[in-house]
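Q: everything below, folded, please.
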Amino acid sequence: MKPGKTGIGRIVDAAGYSIAGLRATFQHEAAFRQECLLTLVLLPLVFVLGQNPVEWALLIGPLFMVLIVEVINSAIEAIVDLVSPEHHPLAGRAKDMGSAAVMLTLILLFLVWAFFIFQRLTV
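A: Numbering: from 1, shown residues only. Next up is the predicted model:
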């Protein structure tokens, strides 16, 4: 175990690192900024489409999943660029896989929201 803070001090430090990561992602990644905007636009609609807390959670979940996966994808891209600024097939594959994860999460978001909208329009 590495030495360091424990308890509340560790939690405070971890929160600070997380906030720094969100700021860095927002500052350096246009896709993350676009997905944040999408989240801000769709978030109020959660309470129009959803009729109870469970439905609200089902609509909010994919919004945050997109943001989470984008942060992870950005981290993968950053570390790949650090390790090898030259093009390498494995580096390209890692970046493509991260991008695919974001795409799949966006598809999930679209499907969940489409199902809710379809359900509300046909009832």
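Q: contacting residues around the spatially most central residue of the chain?
A: Here the mean C-alpha position of the chain is nearest to the C-alpha of residue 67 (Cα atoms, centre = their mean), at a distance of 1.7 Å. Under the criterion of Cβ atoms under 8 Å, 6 or more residues apart in numbering, the neighbours of residue 67 are 32, 35-36, 39. Where C-beta positions appear, they are placed from N, C-alpha and C, glycine not excepted.
Q: could you identify the most distant pair in the residues you listed?
A: Taking Cβ to Cβ as the measure, the contacts of residue 67 span a maximum distance of 10.3 Å, between 32 and 39.
Q: those two - which one has more neighbours?
A: Set side by side, residue 32 and residue 39 show unequal neighbour counts under other Cβ atoms under 10 Å, the larger going to residue 32 at 21 against 16.
Q: circling back: buried ones in the host helix or strand of the residue nearest to the centre of the chain?
A: Mapping residue 67 onto the secondary structure by DSSP states H and E places it in helix 53-83. With burial defined by 16 or more other Cβ atoms under 10 Å, the residues of helix 53-83 counted as buried are 58-60, 62-63, 65-67, 69-71, 73-74, 76-77, 80.
Q: which elements pack onto the longest helix seen in the chain?
A: Secondary structure of the chain read by DSSP state H shows that its longest helix is helix 89-122. Using 3 or more Cβ pairs under 8 Å, 6 or more residues apart in numbering; DSSP states H and E as the contact criterion, the secondary-structure elements in contact with helix 89-122 are helix 46-49, helix 53-83.
Q: and it, how far out from the chain middle?
A: Taking the mean of its C-alpha atoms, helix 89-122 sits 11 Å from the chain's own mean (Cα atoms, centre = their mean, to the nearest Å).
Q: could you check the angle it makes with helix 53-83?
A: Interaxial angle, helix 89-122 versus helix 53-83 (axes from the mean of the first three to the mean of the last three Cα atoms, to 10 degrees): 160 degrees.
Q: what helix or strand does the nearest residue to residue 4 once chain neighbours are set aside sit in?
A: Ranked by Cβ to Cβ, 6 or more residues apart in numbering and with sequence neighbours excluded, the top spatial neighbour of residue 4 is residue 10, at 6.8 Å. Secondary-structure element containing residue 10, defined by DSSP H and E: helix 7-28.
Q: thank you kindly, that will do.
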